[in-house]
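*Asks:* sequence isn't available, so here's the structure alone:
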């Protein structure tokens, strides 16, 4: 029976011993570790950790890219009753210091020497940290290999006894939330939260043992790590992408049946498809097929519609899918709202898009699925173990066995998050569609009122503007104002291609971004949005900026959401200029 996270691995060891669990590239070649090898290494490492002085409920942090060792550490830490604190490697130093101090970390594992140096400088300010280990092998720095060598000091019986004492209600991990509105909060995840979620979601994904998946989202975020447990439960082989930049190439190289994604990556795949179509010898017919795809309605069963779809599929979609997606059959999308046109495009490619709605604190709340129903433009039907209700102000409330115990050392925020009936307040706004499906309409704290009194959800507008291949990111502002304005980060790759076609000089972006023709290119997207709104809901001013927003520079969360408070403070002068302040 599976009660704790490591029970998932112990079961996989028995029923999928020879199936490769993880693949990672080293020196250009894919190397793998089987489920039997993975389990053996996790047990050995757990014994080594105990021999090194790790005690029950110690907090151990990992700063690592996606790699097999992350999972080995995760299971080993759980086996010895300690608590894993996965930390996104690209947090800024201020947030790293806060997390390490706040969680009372005793040991840290880092993936490479660069991160080792960064963490060492921060750890010097924290007395509680006993050791920093390098995950990579090293002759000069204490590393993971040194812990493995200590394993023989602890018997199998000692480890087994420790494991039997671990309860389903024990905390297994603390995941720090993205912190879009301030300091990150430590979400305390119990074994039960993960195990119950895994059992339910595994029924939805139709994964078979030996299926291949591609992983590129950080395991330090609960969205990816949750799916890692689902993959292990199902005996799936996970390929770790070399980088975000290599994902498109890895899709056709590895040919996974499924992968997780946030909208930003799918928008990049879409941009590649658009570029391919524009350079096609049959560009007019290809454009017609593309327009059909982004407006595709799979529920339409009219014979003439199905006939047209099959024609487009045989002549275009199957070839585009082969070129850009390989053997992908399912995409699990989350992290942010997925633009509807992208969902329809991939459906036209015969790729089922399972849009999953959930938070770090809740795991899965709702999902579009074949079993329980799907409706494009919504996040699907609540999971079978989740109760959902919409509050009077539109906020989505939920309760389920997947929801965290609370926030670490933050009783005030915990009390604010849960009501007297045990419902978790998500902070997201939503509505019921057909009394069955949930549609996300915005983020409660992001919604603002303009001068005319109407409420604006900036995320909805930003999502629409990002449909443009030339827009990488955008911030909508205009609280209490007569009109909306936009701070726009161009997609410099797409814009470079455009400028080369027009034979523009690419030496100075500052000059180019103020060029009237370049501004007119972006005005087209603004006009398309404005066509459907009136008065203070229209965007009347915008500015193209040279900055690139990222997690490292502080504008984005690890799941690529905008840090609005930070951005409005950073661009306060520009925003004031929009309104002649």
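*Replies:* Alright, I've got the coordinates. The shown structure was predicted, so the numbers you read here are calculated from the model rather than taken from an experiment.

*Asks:* surely residue 95 is in contact with residue 177?
*Replies:* No - with contact defined as Cβ atoms under 8 Å, residue 95 does not reach residue 177; the gap is 11.2 Å. Where you see a C-beta, it was placed from the backbone N, CA and C, and this is true even at glycine.

*Asks:* between the two, what contacts are shared?
*Replies:* Counting by Cβ atoms under 8 Å, 6 or more residues apart in numbering, the common neighbours of residue 95 and residue 177 are residue 184.

*Asks:* report how many residues lie close to residue 508.
*Replies:* Per other Cβ atoms under 10 Å, the neighbour tally for residue 508 reads 10.

*Asks:* now do the contacts for it.
*Replies:* Contacts of residue 508 by Cβ under 8 Å, 6+ apart: none found.

*Asks:* give the contact list for residue 343.
*Replies:* Residue 343 neighbours (Cβ under 8 Å, 6+ apart): 333, 353, 355, 376, 377.

*Asks:* number of nearby residues for the nearest residue to residue 66 once chain neighbours are set aside?
*Replies:* Ranked by Cβ to Cβ, 6 or more residues apart in numbering and with sequence neighbours excluded, the top spatial neighbour of residue 66 is residue 240, at 4.5 Å. Using other Cβ under 10 Å, residue 240 has 21 neighbouring residues.

*Asks:* ok, so what distance separates residue 220 from residue 83?
*Replies:* Applying Cβ to Cβ, to the nearest Å, the value for residue 220 to residue 83 is 14 Å.

*Asks:* swap in residue 53?
*Replies:* Distance from residue 53 to residue 83, by Cβ to Cβ: 15 Å.

*Asks:* which of the two has more neighbours?
*Replies:* Each of residue 53 and residue 83 has its neighbours counted (other Cβ under 10 Å); residue 83 has more, 23 against 12.

*Asks:* grab the nearest non-local neighbour of that one.
*Replies:* residue 59 (5.0 Å).

*Asks:* separation between residue 30 and residue 254?
*Replies:* Residue 30 is 8 Å from residue 254, where distance means Cβ to Cβ.

*Asks:* shared neighbours, those two?
*Replies:* 23, 239.

*Asks:* more crowded one of those two?
*Replies:* Each of residue 30 and residue 254 has its neighbours counted (other Cβ under 10 Å); residue 254 has more, 19 against 13.

*Asks:* so for the more buried one, what's the pLDDT?
*Replies:* In this model, residue 254 is scored at 95, pLDDT.

*Asks:* sorry, back to before: the residue nearest to residue 66 bridge partners, please.
*Replies:* Beta-bridge partners recorded for residue 240 (DSSP bridges): residue 215.

*Asks:* isn't it right next to residue 70, touching?
*Replies:* No - counting by Cβ under 8 Å, residue 240 does not reach residue 70; the two are 9.1 Å apart.

*Asks:* thinking again about what came up before, okay, now the residue nearest to residue 83: neighbour count?
*Replies:* For residue 59, the count of nearby residues is 23 (other Cβ under 10 Å).

*Asks:* that one touches residue 100, doesn't it?
*Replies:* No - counting by Cβ under 8 Å, residue 100 is not a contact partner of residue 59; they are 9.2 Å apart.

*Asks:* and the gap between residue 250 and residue 24?
*Replies:* From residue 250 to residue 24 the distance is 12 Å (Cβ to Cβ).

*Asks:* actually residue 155, sorry about that
*Replies:* From residue 155 over to residue 24 the distance is 31 Å, taken as Cβ to Cβ.

*Asks:* which one of the two is surrounded by more residues?
*Replies:* Neighbours per residue (other Cβ under 10 Å) separate residue 155 from residue 24, with residue 24 holding more: 20 against 10.

*Asks:* got a list of what the closest residue to that one other than its chain neighbours touches?
*Replies:* Using Cβ to Cβ, 6+ apart and skipping residues adjacent in sequence, the residue nearest residue 24 is residue 240, 4.7 Å away. Residue 240 makes contacts with 22, 23, 24, 25, 65, 66, 67, 68, 215, 216, as judged by Cβ under 8 Å, 6+ apart.
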